[in-house]
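*Asks:* Requesting a structural model of the entry that follows:
(one chain, ligands or ions: 1)
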Amino acid sequence: MKKDDTHTDQYLDQLIARMSLEDKAKLISGRDAWSTHPIEEHNIPAMYLADGPHGLRKMANSKNATLQGSIPATCFPTASALGATWNLELIREIGAAIGRECQANNVQILLGPGLNIKRTPLNGRNFEYYSEDPYLSGKIAGAFTEGVQSQGVGACIKHFAANNQEHERMMHSINADERTLREIYMRGFEIAVKESAPWSMMCAYNKINGTWAGENEWLLTQVLRDEWGYEGFVVSDWGAVNNPDRAAQAGLNLEMPDNGFSAEKIIQAVKNGTLNEARLDHTLRPLLRIILKTSALKQENTTIDADAHHALAIRAAEESIVLLKNEDDILPLNENEMKSIAVLGRFAETPRFQGGGSSNVNAIKQENALDNIRKIVGENVAIHYLPLYESRGDKYEKSDLDAAVELAKKADIALVFIGLPDDFEAEGLDRIHMDIPESHKALVREVAAVQPHTVAILSNGAAVEIEEWERDVPAILEAWLSGQGSGAAVANILFGRANPSGKLGETFPLRLQHNPAHLYFPGEHRSVDYREGIFVGYRYYDTKSMEVMFPFGHGLSYTRFEYSNLTINKSEFSDNEVLKISLTVKNIGTQAGAEVVQVYVHDKASDAVRPVKELQAFQKIHLAEGKSQTIDFELDKRAFSYFHPEIKEWYAESGEFDILVGSSSRDIRLHATVTLNSSQEYKRVVDKYTPFRDIIHHPTGRPFVENILQSFGTSIDSDKPEDHEAKAIFLSLPLIKSVNFSHGNFSEEMLESLIADLNE
Ligand code: BGC
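*Replies:* Numbering: from 1, shown residues only. Just a heads-up that it's a prediction; the model follows:
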């Protein structure tokens with residue numbers, strides 16, 4: 001991470017030394033709902049923070065902590081939609097556009113991106129998170145951060161860490177082993193911190209293994225700062241602090257919002273010695289650095305081009321929409337080949353384009369699909385629209401459904417807009433099932449029964465269960481909650497004005513019960529045990545070879561891509577080297593399109609339990625018809641490593657690995673095998689429960705074991721079939737049994753001395 005040396009540590013330390021304890025306590029405790037305390041005497045200005053993440057939600061009044069009253073801003077697609085673009089350039093552009101809107105509105109910190117992992121489809125806030133995969137999440141969050149910060153505004157990566165459900169989010173402890181935390185729930189944060197140096201991060205509400213995220217020294221100081229080199233500040237999630245002094249001690253730099261009590265508690269803690277003032281000073285430093293930095297980078301009179309941002313919002317929505325299914329190439333539609341279209345479902349007219357809660361943007365503008373379809377088809381095609389269901393809830397009238405069926409029957413095609421209403425998923429509210437409302441299901445079922453040309457357009461923030469009706473419809477578009485441009489983007493995709501290129505950042509399982517976290521969600525007695533461990537999303541479904549509805553990384557296009565020429569610079573490499581991979585992708589269809597090339601790594605044999613494949617690189621390319629492109633990837637040691645629970649380090653094991661290149665996690669087009677010769681040696685400590693088998697390669701161990709085996713009439717190297725079982729039994733015995741079975745000839749002291757030898 002690049003050091004920000006606008007204000008040196010020395011300068012900041014001198015400034016802090018001049019501040020009174022009262023000033024310091026005020027500064028780390030927030031002024032009101034959205035800003036920090038200015039300290040005029042020392043020329044420290046107030047810093048304004050605002051939500052985030054997919055657009056600016058700045059309150060007209062900074063004391064207003066409610067969800068109403070934010071100023072108008074561009075509403076870009078929410079994170080699940082952005083995650084499906086896999087397009088880092090585009091994400092940077094969006095981050096920059098939001099950063100500009102922050103500059104124009106005097107906001108110094110944007111409270112986003114959100115990069116928690118989608119552990120279960122039921123998390124009500126999944127729409128604010130990118131993916132079930134930490135690598136994809138981390139890369140996208142990093143690109144978003146770079147975009148925001150390119151405008152002189154700080155991003156705030158949240159919610160650190162393991163904030164994966166809304167149920168009891170302020171009460172529960174998530175309990176997971178360190179490997180699971182490091183590989184799944186923290187890796188995205190690690191990538192984004194190391195690659196994009198965020199100026200701020202937000203701690204989660206929950207506890208991790210019994211300690212509040214905001215009071216967790218291991219998380220906030222040992223890992224984040226000491227190991228990852230983070231230099232920004234950490235702000236609490238709003239109201240997450242339980243003990244301000246313990247939080248400051250652990251490394252939390254700012255409590256928000258102001259609660260009227262915390263500053264006094266900090267002062268008392270310093271006075272009574274429970275919080276060391278030097279520690280408080282240390283905690284202040286990163287916060288002060290960013291306050292001064294963002295203040296120096298303020299650009300007065302910044303204006304925004306709302307039309308350009310709207311156009312970007314439409315382009316982003318187009319890239320995020322995933323064509324899940326397209327039998328007989330029913331899409332794209334050709335308006336010249338039809339006379340009438342039935343457009344059914346309220347979301348066509350009143351799109352659900354973002355989620356409820358703190359991220360809800362007061363959108364400058366809104367596109368709906370109905371108007372945009374009308375615009376595209378012109379006057380020669382009749383459009384028949386019926387809303388059928390309500391925006392919220394699950395009510396409909398049978399007579400309306402009958403009317404919708406009648407319209408669909410007579411039309412050339414039926415476009416059915418369905419998904420999840422606002423009250424089914426939102427901040428503070430987990431889903432209770434994975435289904436869409438009955439009113440939406442009835443619509444798609446009954447319409448598809450009379451109209452073979454039915455296209456379902458889904459609007460939802462996370463995977464839904466569709467097994468019940470999926471076979472009835474030839475085409476399905478996943479439109480997510482894709483921002484203020486969503487209606488235009490949907491129409492453009494339906495009529496081929498844009499070619500779909502989104503790919504799922506999350507698996508669509510067949511059923512909720514298949515989700516690996518199902519039995520352990522939402523937990524009990526304020527505890528959520530992550531017993532599925534590292535097997536989250538496709539890591540689970542693919543390792544178990546389970547049938548899924550749509551796999552991770554899946555998404556169709558109106559064109560086709562051919563993969564060839566996989567070359568790898570070395571078939572054997574060491575962990576100090578970078579593996580260079582290249583391949584060619586050709587657009588062999590009849591129109592321009594974009595493909596997301598995905599690189600997975602499979603460890604062929606490991607001492608650890610590992611998923612059958614893990615995403616380690618990807619690239620989105622745009623190709624005109626007939627054109628091809630060579631794509632290069634680099635994989636370093638980390639791409640082959642797992643987090644070793646004993647040595648507590650990322651560990652790259654020697655051995656063979658498959659490099660799998662594909663168009664989805666289940667559509668692998670090219671593969672090759674490489675051998676890693678690792679310099680990292682993991683020497684297991686021998687103890688009295690080490691099996692004989694593990695010491696037979698040791699110069700002292702071998703004769704010892706051989707001696708015992710010979711006394712049982714066999715030997716280490718015997719390949720006689722009749723010795724097979726005896727060898728299996730004896731070699732798997734722990735060393736201590738040499739004492740138990742020795743009739744007093746081999747004492748515990750002798751064993752201890754042998755073990756000491758073996759460990760040398
Ligand atoms: C949310 C954060 C948000 C904050 C401020 C909290 O409830 O969890 O994501 O940034 O409120 O609105």
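*Asks:* And the pLDDT at the residue of the stretch 551-700 of the chain found nearest the ligand?
*Replies:* Taking Cβ to the nearest ligand atom, the ligand has its nearest neighbour within the stretch 551-700 of the chain at residue 552, 25.3 Å off. Heads up, the C-betas are built off the backbone N, CA and C, glycines and all. At residue 552, the pLDDT value in this model is 98.
*Asks:* which residue sits closest to it, ignoring its sequence neighbours?
*Replies:* Excluding the flanking residues, the one nearest residue 552 by Cβ to Cβ, 6 or more residues apart in numbering is residue 538, at 3.7 Å.
*Asks:* Show the contacting residues for the one you found.
*Replies:* 132-133, 507, 551-553, 611, 613, 665 (Cβ atoms under 8 Å, 6 or more residues apart in numbering).
*Asks:* In the stretch 351-500 of the chain, where is pLDDT below threshold?
*Replies:* Within the stretch 351-500 of the chain, not a single segment meets pLDDT under 70.
*Asks:* All the helices of it, residue numbers only.
*Replies:* All helices of the stretch 351-500 of the chain, identified by DSSP state H, counting those that start in this stretch, fall at 369-377, 398-410, 438-450, 467-470, 486-494.
*Asks:* Spell out which parts of the stretch 251-400 of the chain neighbour the ligand.
*Replies:* Contact residues (Cβ under 6 Å from any ligand atom) of the stretch 251-400 of the chain with the ligand: residue 358.
*Asks:* need the contact list for the residue in the stretch 251-400 of the chain that the ligand sits nearest to.
*Replies:* Nearest residue of the stretch 251-400 of the chain to the ligand, counting by Cβ to the nearest ligand atom: residue 358, 3.4 Å away. Neighbour list for residue 358: 51-52, 57, 67, 111, 238, 427 [criterion: Cβ under 8 Å, 6+ apart].
*Asks:* would JSON lines of the residues you listed with secondary structure be doable?
*Replies:* As requested, those are exported to JSON lines (DSSP: H, G, I helix; E, B strand; the rest coil):
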{"residue": "51", "secondary structure": "strand"}
{"residue": "52", "secondary structure": "coil"}
{"residue": "57", "secondary structure": "strand"}
{"residue": "67", "secondary structure": "coil"}
{"residue": "111", "secondary structure": "strand"}
{"residue": "238", "secondary structure": "coil"}
{"residue": "427", "secondary structure": "coil"}
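*Asks:* got the phi/psi numbers for residue 13?
*Replies:* Main-chain dihedrals, residue 13, degrees, to the nearest 10: phi -60, psi -40.
*Asks:* Thought residue 282 was touching it, still the case?
*Replies:* No - with contact defined as Cβ atoms under 8 Å, residue 13 does not reach residue 282; the gap is 9.4 Å.
*Asks:* shouldn't residue 129 be in contact with residue 81?
*Replies:* No - using Cβ under 8 Å as the test, residue 129 is too far from residue 81 to be in contact (11.2 Å).
*Asks:* In helices, which of the contacts of residue 538 fall?
*Replies:* Among the contacts of residue 538, the subset assigned to helices under DSSP state H is empty.
*Asks:* Closest to residue 340 out of the residues you listed?
*Replies:* Nearest to residue 340 out of the contacts of residue 538 is residue 551 (Cβ to Cβ; 36.0 Å).
*Asks:* related to what we said a few turns ago, from the contacts of residue 358, which would you call buried?
*Replies:* Buried subset of these (neighbour count, 16 or more other Cβ atoms under 10 Å): 51-52, 57, 111, 238, 427.
*Asks:* Which residues does the helix ranked longest in the chain contact?
*Replies:* Using DSSP H, we find that the single longest helix of the chain is helix 277-296. Contact with helix 277-296 is made by 4, 6-7, 9, 12-13, 15-17, 19, 21, 24-25, 27-28, 36, 44-45, 47, 108-109, 152-154, 199-200, 231-233, 248-249, 251-254, 266, 270, as judged by Cβ under 8 Å, 6+ apart.
*Asks:* If any of those residues are buried, give me the PyMOL selection for them.
*Replies:* To isolate the buried ones among those in PyMOL, judged by 16+ other Cβ under 10 Å, type:
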select buried, resi 7+12+15+16+19+24+25+27+28+36+44+45+47+108+109+152+153+154+199+200+231+232+233+248+249+251+252+253+254+266+270
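*Asks:* Surely the residue of the stretch 551-700 of the chain closest to the ligand and residue 507 touch.
*Replies:* Yes - using Cβ under 8 Å, residue 552 is in contact with residue 507, at 4.8 Å.
*Asks:* Touching both of those two, which residues are there?
*Replies:* With Cβ under 8 Å, 6+ apart as the test, residue 552 and residue 507 both reach 132, 537-538, 541.
*Asks:* Which of these sits closest to the ligand?
*Replies:* Nearest to the ligand, judged by Cβ to the nearest ligand atom, of the shared contacts of residue 552 and residue 507 is residue 132 at 19.5 Å.
*Asks:* which ones are touching the closest one?
*Replies:* Residue 132 makes contact with 117-119, 505-507, 536-538, 552, according to Cβ under 8 Å, 6+ apart.
*Asks:* 10 Å - rerun?
*Replies:* By Cβ atoms under 10 Å, 6 or more residues apart in numbering, the contact list for residue 132 reads 83, 117-121, 126, 184, 462-463, 504-507, 515, 536-541, 552.
*Asks:* Okay, and which of the residues you listed map to helices?
*Replies:* 83, 538-541.
*Asks:* most neighbours, which of those residues?
*Replies:* Sorting the ones in helices among the contacts of residue 132 by how many neighbours each has (other Cβ atoms under 10 Å) puts residue 83 first, at 29 neighbours.
*Asks:* Quick check: that residue touching residue 54?
*Replies:* No - Residue 83 lies out of contact with residue 54 (Cβ atoms under 10 Å); the separation is 11.3 Å.
*Asks:* Between the two, which contacts overlap?
*Replies:* residue 77.
*Asks:* Need phi/psi at the residue of the stretch 251-400 of the chain closest to the ligand.
*Replies:* Main-chain torsions, residue 358, degrees, to the nearest 10: phi -70, psi -20.
*Asks:* Residue 234 now?
*Replies:* As for residue 234, its main-chain torsions (degrees, to the nearest 10) stand at phi -110, psi 130.
*Asks:* And for whichever residue of the stretch 401-550 of the chain sits closest to the ligand, nearest residue in space, chain neighbours not counted?
*Replies:* Relative to the ligand, the nearest point of the stretch 401-550 of the chain is residue 427 (6.5 Å; Cβ to the nearest ligand atom). Nearest in space to residue 427, with sequence neighbours left out and distances taken as Cβ to Cβ, 6+ apart, is residue 357 at 2.5 Å.
*Asks:* For burial, what's the neighbour tally of the one you found?
*Replies:* Neighbour count for residue 357, taken as other Cβ under 10 Å: 20.
*Asks:* now do residue 413
*Replies:* Close neighbours of residue 413, defined as other Cβ under 10 Å, add up to 22.
*Asks:* List the buried residues for the longest helix of the chain?
*Replies:* Under the neighbour-count criterion of 16+ other Cβ under 10 Å, helix 277-296 has 280-295 buried.
*Asks:* re earlier: residues contacting the residue of the stretch 551-700 of the chain closest to the ligand?
*Replies:* Taking Cβ under 10 Å, 6+ apart, we find residue 552 in contact with 131-133, 136, 503-508, 537-539, 541-542, 598, 600, 613, 615, 664-666.
*Asks:* Just the buried subset of these, please.
*Replies:* 131-133, 136, 503-508, 537-539, 541-542, 598, 600, 613, 615, 664-666.
*Asks:* Show me the helices in the stretch 151-300 of the chain, by range?
*Replies:* Using DSSP H, counting those that start in this stretch, helices in the stretch 151-300 of the chain cover 178-180, 187-196, 217, 244-250, 262-271, 277-296.
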